[in-house]
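1. pasting the structure only:
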Ligand SMILES: Nc1nc2c(ncn2[C@@H]2O[C@H](COP(=O)(O)OP(=O)(O)O)[C@@H](O)[C@H]2O)c(=O)[nH]1
Ligand SMILES: [Mg+2]
């Protein structure tokens, strides 16, 4: 059983030694533990330092590509290196690497293929009330979209079995955590959650400039991932809403005609509402059509994913 701990790094020379020092050198049920650094365009001494501290595996990005791409490339490299379990942690020593045995336990026991550490964000002292609220809201929205019960949607301390890692296709450029959770849910991966509090904060998060920026970008990722997996739910709901709104003025006019003998009661306002109704019916028709097309595209994507999965297996096994 080979464990690879992958650490995406953007200039982490200050904190990386602490992270590496806390990675356990032995874990029951694991034969080898190796570390993989994803150098996301570091311009400080991170890479040399990591090498001098014994890290042998690297993925290099000449230019900064962001955390989602770093995660994707790291995952693929870990698979190529023959990892049976892959752990993701931060280079800022935010997470307790010494708890990796607890994090991977559900995978070793065959009970889960994805494990997410729960930071228990509501108890983190340096999180502002607003940040705590947004964490709670974001996690709630994600769980509604994915049909999961993840306690901490954006936790970056995670473990994947080889099968789960092979199955994930990171597409979004932001918020891989929410995107891959929605994917894992749709692919029926077994998920487990382990409460692991974080270390003292050593530096500010660099992921986002402000809470709102993070909310905006994560929302886009969640909506896109949801539409990608369940296009018919979105377009059929939209279509039925337009259909009901569009039929309402017609039903009203027919009802008026049936209950009144005098046609003079019909005025320009009725014509206007019928025009609006017609526009809404056209919108309903377009939504239904888009729903059918999007569903066909989804089926195509599923087939392509099967091919991709097959190619990955040939390449990596
Ligand atoms: N902010 C940021 N972090 C990156 C990037 N590429 C890799 N990383 C690494 O991703 C990890 C998470 O970043 P961090 O700023 O701690 O964000 P947070 O913990 O999610 O709030 C760190 O180890 C970074 O060094 C990038 O483009 N931006
Ligand atoms: Mg961090």
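-> On my side now, so go ahead. Fair warning: this is a prediction, and the values are worked out from it, not measured in the lab. Ligands and ions are numbered 1, 2, ... in the order given.
2. surely residue 10 meets residue 38?
-> No - the pair residue 10 / residue 38 is not scored as a contact, 9.3 Å apart, by C-beta atoms under 8 Å. Heads up, the C-betas are built off the backbone N, CA and C, glycines and all.
3. the more surrounded of these two?
-> Between residue 10 and residue 38, residue 38 has the larger neighbour count (other C-beta atoms under 10 Å), namely 28 against 22.
4. got phi/psi on the more buried one?
-> phi -100, psi 110 (degrees, to the nearest 10).
5. for it, give its distance to ligand 1.
-> For residue 38, the distance to ligand 1 (C-beta to the nearest ligand atom, to the nearest Å) stands at 7 Å.
6. A strand includes residue 117, no?
-> Yes - if the criterion is DSSP: H, G, I helix; E, B strand; the rest coil, then residue 117 is within a strand.
7. can you name the residues bridging to it?
-> residue 194 (DSSP bridges).
8. OK, contacts around it?
-> 95, 99, 103, 152, 155, 157, 158, 193, 194, 195, 196 (C-beta atoms under 8 Å, 6 or more residues apart in numbering).
9. let's see 10 Å
-> By C-beta atoms under 10 Å, 6 or more residues apart in numbering, residue 117 lies in contact with 87-89, 95-96, 99-100, 102-103, 151-152, 155-159, 193-198.
10. now the residues you listed: which count as buried?
-> Neighbour counting by 16 or more other C-beta atoms under 10 Å classes 87-89, 95-96, 99-100, 102-103, 151-152, 155-159, 193-194, 196, 198 among these as buried.
11. and ligand 1, which of those contact it?
-> Checking the buried ones among the contacts of residue 117 against ligand 1 by C-beta under 6 Å from any ligand atom, the ones in range are residue 156.
12. sorry, back to before: joint contacts of residue 10 and residue 38?
-> 61, 65, 67, 70, 91.
13. the last one and ligand 1: what is the separation?
-> Looking back up the chat, that one is residue 91. Counting by C-beta to the nearest ligand atom, the gap from residue 91 to ligand 1 is 3 Å.
14. and the helix ranked longest in the chain, what's its mean pLDDT?
-> The longest helix of the chain (DSSP state H) is helix 268-316. Regarding helix 268-316, the rounded mean pLDDT is 94.
15. who are the packing partners of it?
-> For helix 268-316, the packing partners by 3 or more C-beta pairs under 10 Å, 6 or more residues apart in numbering; DSSP states H and E come out as helix 67-80, helix 162-167, helix 211-229, helix 231-259.
16. the ones you listed: lowest mean pLDDT?
-> Among the helices and strands packed on helix 268-316, helix 211-229 scores lowest, with a mean of 88.
17. count the residues that sit near the closest residue to residue 218 other than its chain neighbours.
-> Distance criterion C-beta to C-beta, 6 or more residues apart in numbering; nearest residue to residue 218, sequence neighbours excluded, is residue 175 at 4.6 Å. Using other C-beta under 10 Å, residue 175 has 25 other residues around it.
18. try residue 275
-> Residues near residue 275, counting by other C-beta under 10 Å, number 11.
19. report the secondary structure state of the spatially closest residue to residue 111 that is not a sequence neighbour.
-> Distances taken as C-beta to C-beta, 6+ apart place residue 192 nearest to residue 111, at 6.3 Å, with adjacent residues excluded. Using three-state DSSP, the three-state assignment for residue 192 comes out as strand.
20. residue 192 against residue 110, yeah?
-> No - at 11.1 Å, residue 192 does not count as touching residue 110 under the criterion of C-beta atoms under 10 Å.
21. tell me which of these two has more neighbours.
-> Just comparing residue 192 and residue 110: by other C-beta under 10 Å the higher neighbour count belongs to residue 192, 16 against 9.
22. got the residues of the chain near ligand 2?
-> Proximity of the chain to ligand 2 (C-beta under 5 Å from the ion) is limited to residues 90, 92, 94.
23. would TSV of those residues with pLDDT be doable?
-> Shown next, in TSV, are the residues of the chain next to ligand 2 (pLDDT from 0 to 100):
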residue	pLDDT
90	96
92	94
94	93
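24. out of those, who has the most neighbours?
-> Counting by other C-beta under 10 Å, top hit in those: residue 92 with 23 neighbours.
25. tell me the secondary structure for that one?
-> Three-state assignment for residue 92 (three-state DSSP): coil.
26. surely it and residue 16 touch.
-> Yes - with contact defined as C-beta under 10 Å, residue 92 reaches residue 16; the gap is 8.7 Å.
27. please consider this matter closed, and thank you.
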